[in-house]
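[1] model the structure of this input:
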Amino acid sequence: KGGGKLTFTEVFSDWLCDTAAQDKRLIGITPAMSEGSGLVRFEKEFPDRFVDVGIAEQHAVTFAAGLACEGLKPVVAIYSTFLQRAYDQLIHDVALQNLPVLFAIDRGGLVGADGATHHGAFDLSFLLCVPKLVIMTPSDENECRQMLHTAYQLDGPTAVRYPRGAGCGVVPQQTMQAIPVGKGEMRREGKQIAILAFGTLLHPALKVGEALDASVANMRFAKPIDAELVRSLAEKHELLVTLEENATISGVGSEVERCLEEAAID
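    All right, here's what the predicted structure looks like:
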């Protein structure tokens, strides 16, 4: 924990065990990252539904696809940087077949002490073009739990992408409720400038919003993006600013730009 706050990995661990207790179809899969991805408790409580495939990310994803074909509900707990190794399997074995595999993507964004090879700086870019995949970016601990629940309920491929380390201190609600897919929320109404925040960057965005009297939106979904909210903000503000912890090229900023192009808004 960080200063008594739950880490996102712990939030995932708690959600996984709570959901597994309610649904016997859930299978937890990890490519040799049980401790790092938060599966230690799950392994102890549900040993028959825990699978560590070893350092074989491609196999983890194809194995999950096979389980989903047989009516099970696989959850692949994986670091962002290691999901890159299974991109082919993600597309061919999961997405094109529209299978209900949930990717719990840890270490999304910059990772500090984990080092350069572990920065999750490309996932939003390489996932956005994958067909049928729903991508969620929780802003705090409770939203992470609710998004994992939302993803698990969907009958198709999903990804919940969260950062390394502790959240902002929000206590997750035990009760789980699905979030409307593809819908963001306004967190601050301001003037001239609108900040579109994805993930935990919402919190610095709110501070900046106060200082500049800017509007702030918690976008929640990288895909499907809330095009209606983007268009509304563009019509009411002179400047839109997107915040994402990801490579600039082909990230959510590009998705926002695409929304504006389709709406013929300069």
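[2] the helices in this protein, which residues?
    8-22, 34-37, 40-45, 57-69, 80-83, 87-89, 123-128, 141-153, 202-212, 227-236, 252-262 (DSSP state H).
[3] now render those as a markdown table, adding distance to residue 187, mean pLDDT and mean neighbour count.
    C-beta here means a position set from N, CA and C on the backbone, and glycine is covered the same way. Formatted as a markdown table, those follow (distance: least, C-beta to C-beta, whole Å; pLDDT from 0 to 100; neighbours: other C-beta atoms under 10 Å):
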| stretch | distance to residue 187 | mean pLDDT | mean neighbour count |
| --- | --- | --- | --- |
| helix 8-22 | 19 | 98 | 20 |
| helix 34-37 | 29 | 94 | 18 |
| helix 40-45 | 32 | 98 | 15 |
| helix 57-69 | 34 | 98 | 21 |
| helix 80-83 | 25 | 97 | 25 |
| helix 87-89 | 33 | 98 | 15 |
| helix 123-128 | 20 | 97 | 22 |
| helix 141-153 | 12 | 98 | 23 |
| helix 202-212 | 6 | 97 | 17 |
| helix 227-236 | 12 | 96 | 16 |
| helix 252-262 | 17 | 94 | 18 |
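[4] of those, which is nearest residue 104?
    Closest to residue 104 of the helices of the chain, according to C-beta to C-beta: helix 8-22, at 5.4 Å.
[5] packing partners of that closest one?
    strand 26-30, helix 34-37, helix 40-45, strand 73-79, strand 102-106, helix 141-153 (3 or more C-beta pairs under 8 Å, 6 or more residues apart in numbering; DSSP states H and E).
[6] convert that helix to CSV, retaining C-alpha atoms only.
    In CSV, the C-alpha atoms belonging to helix 8-22 read as follows (Å, rounded to 0.1, in the frame of the first residue of the first chain):
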residue,chain,number,x,y,z
PHE,A,8,-4.9,-0.5,-8.0
THR,A,9,-3.4,-4.0,-8.0
GLU,A,10,-5.0,-4.6,-4.6
VAL,A,11,-8.3,-3.2,-5.9
PHE,A,12,-8.1,-5.7,-8.8
SER,A,13,-7.3,-8.6,-6.4
ASP,A,14,-10.3,-7.8,-4.2
TRP,A,15,-12.6,-7.5,-7.1
LEU,A,16,-11.3,-10.8,-8.6
CYS,A,17,-11.9,-12.8,-5.4
ASP,A,18,-15.3,-11.2,-4.8
THR,A,19,-16.5,-12.0,-8.3
ALA,A,20,-15.0,-15.5,-8.3
ALA,A,21,-17.0,-16.2,-5.2
GLN,A,22,-20.2,-15.3,-7.1
